[in-house]
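A.B. asks: Following is a predicted model, sequence given first.
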Amino acid sequence: MKQNWKPGDLVVVVTVNKGLPVREARKGRKRQDAPQSWDGEIAGPSLVGPGWWNVRRHTPKGRARTGSYAVPDTEIRPRKS
């Protein structure tokens, strides 16, 4: 989903660990390739290239953490506040 993001937009980042091989999960463990999501805020476009954005990750209490992550546009979804 291609969207024009602006700095300060609240988003949810949904990512799948694409680097690990798919394996059966042991009893009581999560699958390694299971999607993970986290809340964040758009910090601005990334220097990685077009379609990439810098996203500040939020803590469970809603505060922004320091630092940001470069995330492709395909893994970013709008968050309902």
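C.D. replies: It's in.

A.B. asks: Could you check the pLDDT of R31?
C.D. replies: Residue-level confidence at R31 comes out at 60, pLDDT.

A.B. asks: Likewise for the one 3 residues further on?
C.D. replies: The predicted structure scores A34 at 67 on the pLDDT scale.

A.B. asks: Kindly report the same for S37.
C.D. replies: Predicted confidence (pLDDT) at S37: the value is 86.

A.B. asks: any idea how far it lies from G49?
C.D. replies: Distance, S37 to G49, by C-beta to C-beta, to the nearest Å: 23 Å. From N, CA and C alone the C-beta is placed, and that goes for glycine too.

A.B. asks: These two - which one has more neighbours?
C.D. replies: Applying other C-beta atoms under 10 Å to S37 and G49 shows that S37 carries more neighbours, namely 12 against 9.

A.B. asks: Please tell me how far that one sits from R63.
C.D. replies: To R63, S37 is 18 Å away according to C-beta to C-beta.

A.B. asks: Please apply the same query to S46.
C.D. replies: S46 sits 22 Å away from R63, taking C-beta to C-beta as the criterion.
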